[in-house]
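> sequence-free structure coming up:
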């Protein structure tokens, strides 16, 4: 966009500012739309579960416009700040909450390459920024000057901080599997048919997916883990003293973060923007077939991704309106006694699996003789399909940096001990290495 | 105390912090009205619970000294407003006891039908609110949907949906309209499978069991000492129901009916029901049992209603007309406790020969049931507080009077 503006003789600084603003607005719109649709979905799904109709008046038969109508009503409300509250923190808290969730959308790819900022450490960035949301909640609870709010904040602190651990481990499992933290690449590695999705990669990832679901529900404060705002215990928890538009910000943050964790789950385990059937490549809509076709393929992919994310949200809504709430000690027990050990064991399982059965179970079964050499064969026969993993990069970096002495010898010995990960490039250089080390 | 022991097993007290006094209510979502409970907490652990009542005090007993017994009937609706028919029945029977009257067979069966329908409605509210207090909103909507159908039936029979004033001393205001019994049976037929749904949603739900089993255990001796009655007493394993064990004027109403008193005597329920079994974690007298007893009582009430409809149709004679508005009361006094959904509802009337009672005293079940709250809530977590309060199923209109 900036290039376009510059080409029509706009000054550099203005072009970049305009581009930044437009993109920022676009992202904000996406974040708000996902939250609004989430709110509508929650109201309709909960109504159906409870034998009601839900919103039917605003925006036609299905109440499409209910979220904006809600928003309008809430803007019109009196803005109350309790006298006992810490005014500055009380005002800041909702924005922190919302900004953290909003920033996550920066690194969330919607289709192949359709991402605001393609980060090499996308998964890491996403987790780190999403974790910031709790500061808003804790600040809000603390600054409200109400005991119920304080309880909510303390629960949030205990709960979300504990659940970051298994959530992070779940992501690590996928990172190990793919050899990259770049979310776009993680998505691309699951291209093709649905059995390429990580959830079907091996039995361990299947279990990890469900642990991820548990942790995702818990870290976005949804029932049955909605302790920080448990209305039947803590009135409304950290939200007790909030009203009007500040409350909306918390609310938007919650729904946007639901979308984010669902989307991240879809990206990591459910193939991201790759549908169960590779329609795009069957119809010739990949980027290789030309810009326009690639764009249409990406559009299909984005629909796929959004559908998966909303399916995840619907699952969370379904849970919320079915299950009673856990107690705080049971929530922490679930995390520390079940989620963390399970996901740790699965992490080890995934490591072993990808070492011994890199081609997957089917490949190992159909060609049992090749089992011990399967890793070799795969790298040899299809070098390009092998993920551009850390190994190659380390290798090239080593050469560029000219680290020639002791480190190289160690590197060489290490690589010998791990023949499974060698690639063509390395094998081509093998002779040179041996000569030099001699 | 079992509850205390269970808590000290699961909650570690390595960090002692300052105690905090916190007001739960009178504006709190899970205090079931305007109850104020002062909690002394250490973190999330509740060390002391003090219920403060009186926010809904309306001088119900004093008002009774200014009105005739028939004029006072609408005020009984407002005691336990979720079971107004049973409140009417208690008052009517007490007045009849004082006057030495007996009602006809037809009236008796109609009273059983109406009172048991209202028991179902009241237990449905209890079950739904239990779910709500545990953070599950859907059971609340489902039980209220069913209660709504009962309320519709009551609206047909007496015109009111909450404060019925239907079962008057001496008789009823009017007979049921044509086809009413058919609609009653239709309701019961469609309600049968709904009970299974509620059991699936709550009773056998793992989280529900975790939240209620072994929480707020009320031993039978303590339950008797505190005067707890109704499902709260029966869930502690005491087999006591005034419909079977009460005064003749109560028990005669249920003559000829076959039904069971639901109480886990010896830790066991009657086995001949298709509902989920007792989970191994549950202890007799805990919140889970209080919920379960109510759910099973709903089924018994359904049997009673079905039998009542049969018996009503078979009975001869007419419905009784109620006593006159200014019926003179004899000198003397009468005290009668009846089995209302929430426990034993007692009315005492002292007559001095005029139409207006000289003194009226009301004994309510919720008042006694909530008095056990400080005992069974010691050492629980805040979240358990609302579970226990919900399991006691209190109505503030009855407590404060």
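Cool, got the structure. Every value quoted in this text rests on a predicted model; they were computed, and no experiment measured them. Residues are numbered from 1 along each chain as shown, chains lettered A, B, ... in the order given.
> contacts, neighbours, all on C-alpha from now
Will do.
> find the closest residue to chain B in chain A.
Nearest to chain B, among the residues of chain A, is residue A:324, at 4.3 Å (C-alpha to the nearest C-alpha).
> count of residues packed around the nearest residue to that residue once chain neighbours are set aside?
Closest residue to residue A:324 apart from its sequence neighbours, by C-alpha to C-alpha, 6 or more residues apart in numbering or on different chains: residue B:136 at 4.3 Å. Neighbour count for residue B:136, taken as other C-alpha atoms under 10 Å in any protein chain shown: 26.
> so where does residue B:136 fall, helix or strand?
Per DSSP states H and E, residue B:136 falls between elements, in no helix or strand.
> which residues touch it?
A:320, A:321, A:322, A:323, A:324, A:325 (C-alpha atoms under 8 Å, 6 or more residues apart in numbering or on different chains).
> in helices only, show me those.
Those of these mapping onto helices are residue A:320, per DSSP state H.
> neighbour-wise, which one of the contacts of residue B:136 leads?
residue A:324 (30 neighbours).
> please report phi then psi for that residue.
When read as degrees, to the nearest 10, the backbone of residue A:324 gives phi -70, psi 170.
> looking from chain A, tell me which residue of chain B is nearest.
Closest point on chain B to chain A, by C-alpha to the nearest C-alpha, is residue B:136, at 4.3 Å.
> save the contacts of residue B:136 as a markdown table, and put in pLDDT too.
As requested, those are exported to a markdown table (pLDDT from 0 to 100):
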| residue | pLDDT |
| --- | --- |
| A:320 | 88 |
| A:321 | 88 |
| A:322 | 88 |
| A:323 | 88 |
| A:324 | 88 |
| A:325 | 88 |
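> around chain A, which positions in the stretch 301-401 of chain B sit nearby?
B:382, B:383, B:384, B:386 (C-alpha under 8 Å from any C-alpha of the partner chain).
> now do the buried residues in the host helix or strand of the third one.
Spelled out, that is residue B:384. Secondary structure from DSSP H and E places residue B:384 in helix B:382-392. For helix B:382-392, burial by neighbour count (16 or more other C-alpha atoms under 10 Å in any protein chain shown) applies to B:382, B:383, B:384, B:385, B:386, B:387, B:388, B:389, B:390, B:391, B:392.
> not counting its own residues, what contacts the following helix or strand past that helix?
Next in sequence after helix B:382-392, counting helices and strands by DSSP H and E, comes helix B:396-400. By C-alpha under 8 Å, 6+ apart, the surrounding residues in contact with helix B:396-400 are B:32-35, B:53-58, B:78-81, B:364-367.
> dump the residue contacts of the residue of chain A closest to chain B.
Residue A:324 neighbours (C-alpha under 8 Å, 6+ apart): A:223, A:224, B:131, B:134, B:135, B:136, B:207, B:208.
> try residue A:123
Counting by C-alpha under 8 Å, 6+ apart, residue A:123 touches A:171, A:181, A:182, A:183.
> regarding it, what is its secondary structure?
Following DSSP: H, G, I helix; E, B strand; the rest coil, residue A:123 is assigned to helix.
> measure stretch B:49-69 end to end?
38 Å (C-alpha to C-alpha, to the nearest Å).
> pull the distance from it to the chain's centre.
The chain centroid and the centroid of stretch B:49-69 are separated by 18 Å under C-alpha atoms, centre = their mean, to the nearest Å.
> show me the strands in chain B, by range?
According to DSSP state E, chain B carries its strands in the segments B:20-24, B:36-42, B:45-52, B:167-168, B:171-172, B:331-340, B:343-352, B:359-363.
> any idea which of the ones you listed is most buried?
Comparing the strands of chain B by mean neighbour count (mean count of other C-alpha atoms under 10 Å in any protein chain shown), strand B:167-168 ranks first with a mean of 28.
> listing partners with orientation, what would you give for it?
Note on strand B:167-168: by DSSP bridges, its sheet partners are strand B:171-172 (antiparallel).
> residues in contact with the partner strand?
B:103, B:107, B:166, B:319, B:320, B:321, B:322, B:323.
> can you put the residues of the stretch 301-401 of chain B next to chain A in JSON lines and add pLDDT?
JSON lines is the format used below for those (pLDDT from 0 to 100):
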{"residue": "B:382", "pLDDT": "86"}
{"residue": "B:383", "pLDDT": "86"}
{"residue": "B:384", "pLDDT": "88"}
{"residue": "B:386", "pLDDT": "87"}
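> out of those residues, which is nearest to residue A:256?
residue B:383 (27.7 Å; C-alpha to C-alpha).
> now the terminal residues of stretch A:220-232, how far apart.
End-to-end for stretch A:220-232, by C-alpha to C-alpha: 19 Å.
> picking up where we left off before, and the strands of chain B as CSV, adding mean pLDDT?
What follows is these, written out as CSV (pLDDT from 0 to 100):
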stretch, mean pLDDT
strand B:20-24, 85
strand B:36-42, 87
strand B:45-52, 88
strand B:167-168, 88
strand B:171-172, 84
strand B:331-340, 90
strand B:343-352, 91
strand B:359-363, 91
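> count of residues packed around residue A:182?
The burial count for residue A:182: 20, using other C-alpha under 10 Å.
> what do you get for residue A:77?
12.
> host element of residue A:293?
Per DSSP H and E: helix A:291-320 holds residue A:293.
> so after that helix, what's the next helix or strand?
Downstream of helix A:291-320, the next assigned helix or strand under DSSP H and E is helix A:328-333.
> averaged pLDDT, that next one. What do you get?
For helix A:328-333, mean pLDDT is 86.
> quick one: it to chain centroid distance?
24 Å.
> buried set for that helix?
Neighbour-count burial for helix A:328-333 [16+ other C-alpha under 10 Å]: A:328, A:330, A:331, A:332.
> pull out the buried positions in whichever helix or strand comes after that helix.
Scanning forward in sequence from helix A:328-333 by DSSP H and E, the next helix or strand is helix A:340-356. The neighbour-count check on helix A:340-356 (16+ other C-alpha under 10 Å) flags A:340, A:342-344, A:346-347, A:349-351, A:353-356 as buried.
> tell me the helices and strands packed up against helix A:340-356.
Judged by 3 or more C-alpha pairs under 8 Å, 6 or more residues apart in numbering or on different chains; DSSP states H and E, helix A:340-356 is in contact with helix A:147-178, helix A:203-219.
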